[in-house]
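Asks: model this:
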Amino acid sequence: MLRLSPRSARALATAAGCLVAAPAAAQAPAAAPTVVERPSSAQRTLSAPVAYVGLNVWVGAASAAVRAQRRGGSVWRAALAGAAGGAAMALGQRVVGAGPSGLRVAGVQLTALGANVARNAGDGVPILSDLTLPLYPLYVRVRAGTPHPVSVRLSAVAAVGVVAAVARPGAARLDPGESLRMGGPVFRSPASSLDGAGGGACVEHACTMGLHLNGVVMYADGLGAAGQRRSTLRHEAVHLTQFARDGVLFGVPGSDGILAHGGRAGRWASRWLVADLALPILATDVVSELASADPARASLYELEARAMMR
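Replies: Numbering: from 1, shown residues only. Predicted structure coming up:
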C-alpha cells in the first residue's frame, strides 16, 4: 500500500504549476540547506535490496530443506536448489520494482518460477516438471508429459480479492491495459485517493494511492494522484509478487494436501479450485503490522517493496 501525505501532494501540484506558469522560477537560488537526520545502520540495512535478496534465498532454501527432510531426501541438495529458486524470486521482484512497466508480468512470473523451483526441489522431482503460474484470480498448472499437461484452477483467496475490489465504494473500473502489464486484475479509481468511503478523503494526514487485495491491484487516478501513478503501480506490483511467492510456494501445495484428504468431494474440488489459505509469509507480515508503530511503512511487506524499488 502506497501513501502520500496531503502536504506533499499539494507541494508537488504547486511546484508543477510554477514550472508551467513561470519556467524561469526553476532557476531561482536554492533555499538554505536543512539538516537531515541520517538513518541508523539498522534502518539502512532494512532498506537495502540485498537484505531481501537474502530473505528470498533463505525462504527458498529453508522451505526446500524442510520438505526434503520430511520425505527423507537429501536436505543439502534440496536446500541448494531451493536457494537458487529464492534468488530467482528476488530477481523477479527487482524486475518488477526497478524495471520498465512492460516487464511487470515477466517479473511476476519469474518470481513464481523461483517458487516452483524451490517447491519441486523439496519434493524431490525435476525442478521444472510441475509449474504453477499465477494469472490471478487463476493458477495455470503446467506438467509436461502428463495426460493433462495444462490445467487451470481458481484461487479462492484471489477470488475474494476480486469481489472486495468490485464491492469497494468509489466507482473503480477495470483497467485492461494495466491488467495486461501486471498479469492480474488492476482497477482504476477516479478518486484522488482510496481512503474513506470512496470519496478519496485522506485519513490521518496520509493518502492511500494504491492497494493490493490478494492478487488484485487498485490505484487512485483522480486530481492530485495521476502524477503518482507510475510509482504506485510499481509498488503494488511488488506486493503482487509477494502474494505469488507465498501462494505458489505454500498455498498451492497446502491446498492440494487438504483437498486430497477430503474424499471424493475434495478430489473433485481440487480439479478447479486452489484453497490457498496457507500463506505463512503473509501471516508474518500481518504480525509485523500489528507490532509496528507505522504499519504503512515499517511492516515486512512494505519494507521489502520499498527496498526492491530502490
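Asks: quick check: R153 is in a strand.
Replies: Yes - the assignment for R153 (DSSP: H, G, I helix; E, B strand; the rest coil) places it in a strand.
Asks: give me the low-pLDDT residue ranges for the stretch 151-300 of the chain?
Replies: Residues of the stretch 151-300 of the chain meeting the criterion pLDDT under 70: 196-206, 295-297.
Asks: hey, where'd the strands end up in it?
Replies: 173-174, 186-189, 207-212, 217-220, 273-274 (DSSP state E, counting those that start in this stretch).
Asks: partner strands of the last one, with direction?
Replies: It refers to strand 273-274. Its sheet considered, strand 273-274 pairs with strand 150-155 (parallel) by DSSP bridges.
Asks: buried ones in the partner strand?
Replies: Within strand 150-155, the residues scored as buried using 16 or more other CB atoms under 10 Å are R153, S155. Every C-beta, even on glycine, is put in place using the N, C-alpha and C of the backbone.
Asks: stretch 53-73 too?
Replies: Quick answer for stretch 53-73 (16+ other CB under 10 Å): 53, 55-57, 59-65, 67-68, 73.
Asks: please produce TSV containing the residues you listed, extended by distance to Y301 and secondary structure.
Replies: Shown next, in TSV, are the buried residues of stretch 53-73 (distance: CB to CB, whole Å; DSSP: H, G, I helix; E, B strand; the rest coil):
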residue	distance to Y301	secondary structure
V53	16	helix
L55	11	helix
N56	13	helix
V57	18	helix
V59	13	helix
G60	18	helix
A61	21	helix
A62	19	helix
S63	18	helix
A64	22	helix
A65	24	helix
R67	24	helix
A68	28	helix
G73	31	coil
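Asks: what is the nearest of the residues you listed to L110?
Replies: Of all the buried residues of stretch 53-73, N56 has the smallest distance to L110: 11.6 Å, by CB to CB.
Asks: settle this for me: the closest one is touching G82, isn't it.
Replies: No - under the criterion of CB atoms under 8 Å, N56 is not in contact with G82, lying 10.4 Å apart.
Asks: looking at the strands of the stretch 151-300 of the chain, which is nearest to P147?
Replies: In terms of CB to CB, the element of the strands of the stretch 151-300 of the chain nearest to P147 is strand 273-274, at 20.2 Å.
Asks: who touches the closest one?
Replies: Applying CB atoms under 8 Å, 6 or more residues apart in numbering, the external contacts of strand 273-274 come out as Y139, R153, L154, S155, A156, G247, G251, V252, S255, L259.
Asks: show me the contacts for T241.
Replies: Contacts for T241 were tallied using CB under 8 Å, 6+ apart; they are M89, G92, Q93, V96, G107, V108, T111.
Asks: not counting its neighbours along the chain, what's nearest V59?
Replies: Computed as CB to CB, 6 or more residues apart in numbering, the closest residue to V59 that is not its neighbour in sequence is G86, at 5.6 Å.
Asks: that neighbour belongs to a helix, doesn't it?
Replies: Yes - the assignment for G86 is a helix, going by three-state DSSP.
Asks: now stretch 175-182, how far from the centre of its chain.
Replies: Per CA atoms, centre = their mean, to the nearest Å, the displacement of stretch 175-182 from the mean C-alpha position of its chain is 15 Å.
Asks: please identify the buried residues of it?
Replies: D175, E178, S179, R181, M182.
Asks: pull the CA atoms of it into PDB?
Replies: Only the C-alpha atoms of stretch 175-182 are listed here, as PDB (Å, rounded to 0.1, in the frame of the first residue of the first chain):
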ATOM      1  CA  ASP A 175      -8.100  -1.000 -16.400                       C
ATOM      2  CA  PRO A 176      -7.400  -3.500 -19.200                       C
ATOM      3  CA  GLY A 177      -4.000  -2.100 -20.300                       C
ATOM      4  CA  GLU A 178      -2.500  -2.100 -16.800                       C
ATOM      5  CA  SER A 179      -4.100  -5.500 -16.100                       C
ATOM      6  CA  LEU A 180      -2.200  -6.900 -19.100                       C
ATOM      7  CA  ARG A 181       1.000  -5.300 -18.000                       C
ATOM      8  CA  MET A 182       0.500  -6.600 -14.400                       C
END
